[in-house]
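1. Task: produce atomic coordinates for the following.
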Amino acid sequence: MLKEERLEYILKKLQTDHKVLQAELSSDLQVSEDTVRRDLESLAQNGQLIKVRGGAIPHSPNPYSFKERIQYHEEDKKHIATKALSFLRNGQTIMLDGGTSTLMLAKLIPANLHLTVITNSVPIVSQLMDHPGIELIFTGGLIGKNSQTSGGMDTIRMLEKLRADICFLGICSLHPVAGVTGLDLGEADVKSVMVESANKAIALATSDKMGTAEPFKVCDITGLDTIITDNPDLPSLKPYINLGIQVI
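-> Got it, this is the predicted structure:
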């Protein structure tokens, strides 16, 4: 089998199974695992998959820019955000990252709820500016026009001085082995500090993000306490449940 045919087979299998294993591919393609490893490396270098130990997994299907993402799976995000409201109590301090799911949560916070909200998201600041019960803390720093979030060392230093009851994370990619990952190193660094600065970390993730990965790590999957998703009954969520993570 020609290399191009092997690569096409690998990509089709990845699309169907949402993962590929080197040993299985070696058997299916009748080539050595070293050959499979080189094929996976070639596809990874072209941005067509993410290599993990023993195989590969797909990239997140999520669009990169905030403007593109804001209308992506909008109803699913509203469903997720509605479930997230049940974790909110008067007097809490919460962190909201720059995700579109966390923006949806901000939009749904009842007017009679009193919270302190820490965020690096310009749209969330704008959304909550006139909320009568919210004390708002913006982390400052350099604002990325694509993500509409602040980042860099000023943001990280600010977050390191703060403590929250809950950190709500919008998710780019979620995988039981690769953990929580993202497309941008700076954004991943900020999210990582947010997780470390909160007593509880809750991921807001549409089901298409499950089993995917990107290059930059936010935290291990065990860094999450809860995953809120639009379809908690999916079989692909069992590995997370087996790790002791609440899935709703």
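2. Surely Ser86 forms part of a helix?
-> Yes: remark: Ser86 belongs to a helix, assigned using DSSP: H, G, I helix; E, B strand; the rest coil.
3. Against Lys209, how distant is Cys167?
-> Separation of Cys167 from Lys209 (CB to CB, to the nearest Å) stands at 17 Å. C-betas here are computed from N, CA, C, even on glycine.
4. swap that for Gly244, please
-> As judged by CB to CB, Gly244 and Lys209 stand 20 Å apart.
5. more crowded one of Cys167 and Lys209?
-> Cys167 (27 against 24; other CB atoms under 10 Å).
6. Excluding residues flanking it in the chain, which one is nearest that one?
-> Closest residue in space to Cys167, ignoring its immediate chain neighbours: Ala198 at 3.5 Å, by CB to CB, 6 or more residues apart in numbering.
7. partners of the one you found in the sheet?
-> Ala164 (DSSP bridges).
8. Contact partners for it?
-> Residues in contact with Ala198 (CB atoms under 8 Å, 6 or more residues apart in numbering) are Met95, Arg163, Ala164, Asp165, Ile166, Cys167.
9. Isn't Ile221 up against Tyr240?
-> Yes: in this structure, Ile221 is within contact of Tyr240 by CB atoms under 8 Å, at 6.7 Å.
10. shared neighbours of those two, which are they?
-> Shared contacts of Ile221 and Tyr240, defined by CB under 8 Å, 6+ apart, are found at Leu174, Pro176.
11. Of these two, give the one with the bigger neighbour count.
-> Each of Ile221 and Tyr240 has its neighbours counted (other CB under 10 Å); Tyr240 has more, 24 against 18.
12. how near is the most centrally placed residue in the chain to Ile143?
-> Residue closest to the mean C-alpha point of the chain, counted by CA atoms, centre = their mean, is Ile171 at 2.0 Å. Distance of Ile171 to Ile143, computed by CB to CB: 22 Å.
13. Could you identify the longest helix within this protein?
-> Longest helix of the chain, by residue count under DSSP state H: helix 3-17.
14. List the buried residues of that helix.
-> Arg6, Leu7, Tyr9, Ile10, Leu11, Lys13, Leu14 (16 or more other CB atoms under 10 Å).
15. list the contacts for the residue nearest to the residue nearest to the centre of the chain when sequence neighbours are not counted?
-> Closest residue to Ile171 apart from its sequence neighbours, by CB to CB, 6+ apart: Ala205 at 3.8 Å. Residues near Ala205 by CB under 8 Å, 6+ apart: Ile80, Ser101, Ile171, Leu174, Ile227, Ile228, Thr229.
16. let's go with 6 Å and repeat that
-> Ile171, Leu174, Ile227, Thr229 (CB atoms under 6 Å, 6 or more residues apart in numbering).
17. Burial check on Asn231, number of neighbours?
-> 13.
18. How much space separates Leu11 from Arg38?
-> According to CB to CB, Leu11 and Arg38 sit 15 Å apart.
19. I meant to write Ile50 there.
-> Separation of Ile50 from Arg38 (CB to CB): 16 Å.
20. before we move on, what about Ser197?
-> The value you get for Ser197 to Arg38, if CB to CB is used, is 42 Å.
21. All set now, cheers.
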